[in-house]
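Asks: take a look and give me a structure for this.
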Amino acid sequence: MEYRMKGGMPGLPQLPPGAPYLLLVPGVCLIGFGLLLFFNEWLLRWILAGMFLLVGALLTLIGLRAKRMMR
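Replies: Numbers count the residues shown, from 1 in each chain. Prediction:
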């Protein structure tokens with residue numbers, strides 16, 4: 001089964017012209033972020049600690065709301 005990028009397959013919508021940028025822009029951003037972390041390893045420590053604090057705070061708030069709802 002052949003797939004033509006310009007015409008598309010019958011019954012399926014055509015690919016939007018900006019579709020490659022949906023992969024290119026985040027890919028380049030992730031490469032840049034990876035290089036930033038490669039040269040600043042302390043940044044990874046702060047990001048990871050911040051993520052744990054955020055997830056912990058979110059779980060605590062959910063637990064407190066669940067406890068209030070059980071009364």
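Asks: helices of this structure, start to end?
Replies: 19-39, 41-70 (DSSP state H).
Asks: tell me which of those helices lies nearest to residue 10.
Replies: helix 19-39 (19.3 Å; C-beta to C-beta). No exception for glycine: its C-beta is placed from N, CA and C like everyone else's.
Asks: that closest one packs against which elements?
Replies: helix 41-70 (3 or more C-beta pairs under 8 Å, 6 or more residues apart in numbering; DSSP states H and E).
Asks: ok, back up a step: as CSV, the helices of the chain with distance to residue 12 would be great.
Replies: As requested, these are exported to CSV (distance: least, C-beta to C-beta, whole Å):
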stretch, distance to residue 12
helix 19-39, 13
helix 41-70, 39
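Asks: any idea which of those scores lowest on pLDDT?
Replies: Comparing mean pLDDT across the helices of the chain, the lowest value falls on helix 19-39: a mean of 92.
Asks: run through who's touching that helix.
Replies: Outside helix 19-39, the residues that touch it by C-beta atoms under 8 Å, 6 or more residues apart in numbering are 43-44, 47.
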